[in-house]
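Novice: Predicted model and sequence follow; I will ask about them next.
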Amino acid sequence: ETSFAWLAQLRYYWESGQLMVRQTNACLAYGYEYLGNSGRLVITPLTDRCYRTLMGALHLNLGGAPEGPAGTGKTETTKDLAKAIAKQCV
C-alpha cells in the first residue's frame with residue numbers, strides 16, 4: 001500500500017540479509033544496540049511528526065534537536081526513536 005498513513009508508520013524489513021527500518025522515504029539500517037528495558041511513550045500526532053522529521057534527518061546523515069517548552073517530551077521522544085531503531089542516543 002502506498003497511502004501516506006501506511007508510509008508514515010515505522011516499518012521493519014529484512015532486505016539482503018540486513019534488517020532495515022523505513023518511514024516515509026527514509027531508510028536506516030537497524031542498529032542492534034540493546035538499550036535496556038524501559039517503558040514506551042504514548043504515541044501522539046506530534047510524536048509521529050517528530051519521528052518523521054528525525055528519521056528524515058538521520059537518513060541524510062544529519063541529526064536533530066527538537067525544540068519547544070520544557071516538559072513536553074522532546075528528550076523522551078528522541079530516546080524512544082533511538083530505541084525503536086536500536087541506535088545509541090547520547
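Specialist: Sure thing, it's come through.
Novice: From what I see, Ala20 and Ala26 are in contact.
Specialist: One thing to correct before we go on: residue 20 is Met, not Ala. No. Counting by Cβ atoms under 8 Å, Met20 stays clear of Ala26, with 10.3 Å between them. Backbone N, C-alpha and C define where each C-beta goes, glycine included.
Novice: Between those two, which is the more surrounded one?
Specialist: Neighbours around Met20 and Ala26, counted as other Cβ atoms under 10 Å, are more numerous at Ala26. The numbers are 18 against 15.
Novice: Which helix or which strand is home to Trp14?
Specialist: Under the criterion DSSP states H and E, the helix or strand holding Trp14 is strand 11-15.
Novice: What of Arg52?
Specialist: Using DSSP H and E, Arg52 sits within helix 45-59.
Novice: next one: Lys79
Specialist: With DSSP H and E as the test, Lys79 turns up in helix 74-84.
Novice: Report all helices and strands that that helix contacts.
Specialist: Taking 3 or more Cβ pairs under 8 Å, 6 or more residues apart in numbering; DSSP states H and E as contact, the helices and strands that helix 74-84 lies on are helix 45-59.
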